[in-house]
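Peer 1: Predicted model and sequence follow; I will ask about them next.
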Amino acid sequence: MHQYFFYINRIIDNPPKSRNEKLASLMRTLRICEELWTGWDKIVIVCELIQLPAPKIEIYEDSTKVTLYSHIPFTNLSTEEKLWSCYLHACIKYVQNENLTNSSLRKRFALPESSSGSVSRLIKEAVNKQMIKPFDPDTAPR
């Protein structure tokens, strides 16, 4: 497993770390960047709103590479891409004090209600891989 896997998964809620605080301060003063580290939330939310695949994040020793994609149909996404999108959707829902649901994930992928079975399987796989937790683990799967 990639040594930076944990950091990629925590990118939405980790506080920022500037390598050049003087430059970062100037950029905040000029309103080029933000103080409160909401950038990742905004990126994920916009990708969801316009049904783009989740951004691919690669962390190296001294840098981070982010790839944004144009529209890719749900059926053409790899399982890993679907799971990553599901995970980020759950993170955003949590930050918004909401829960991931079959309906919200279908909306995220622009899928019809007839795809609820596929989405349920995706959610189940994300839970099995411990990427997300059920809101109430004692309820029957739906």
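Peer 2: Thanks, I have it.

Peer 1: Can you show me the helices along the protein?
Peer 2: Using DSSP state H, the helices of the chain run over 5-9, 21-29, 39-49, 79-95, 102-109, 116-128.

Peer 1: Nearest to T64 among those would be which one?
Peer 2: Proximity to T64, assessed across the helices of the chain by Cβ to Cβ, is greatest for helix 5-9 (9.0 Å). To be clear about C-beta, it is placed using only N, CA and C from the backbone, and glycine gets the same treatment.

Peer 1: hmm, back to that, take the helices of the chain and write them to CSV, including mean neighbour count, distance to P55 and mean pLDDT.
Peer 2: Shown next, in CSV, are those (neighbours: other Cβ atoms under 10 Å; distance: least, Cβ to Cβ, whole Å; pLDDT from 0 to 100):
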stretch, mean neighbour count, distance to P55, mean pLDDT
helix 5-9, 13, 10, 57
helix 21-29, 12, 21, 86
helix 39-49, 16, 6, 87
helix 79-95, 19, 8, 92
helix 102-109, 19, 14, 96
helix 116-128, 16, 18, 95
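
Peer 1: May I see those organised as JSON lines, with distance to P134 added?
Peer 2: Listed next are the helices of the chain as JSON lines, based on distance: least, Cβ to Cβ, whole Å:
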{"stretch": "helix 5-9", "distance to P134": "18"}
{"stretch": "helix 21-29", "distance to P134": "39"}
{"stretch": "helix 39-49", "distance to P134": "21"}
{"stretch": "helix 79-95", "distance to P134": "11"}
{"stretch": "helix 102-109", "distance to P134": "12"}
{"stretch": "helix 116-128", "distance to P134": "6"}
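
Peer 1: looking at those helices, which is closest to I59?
Peer 2: Here helix 5-9 is closest among the helices of the chain (Cβ to Cβ), at 5.5 Å.
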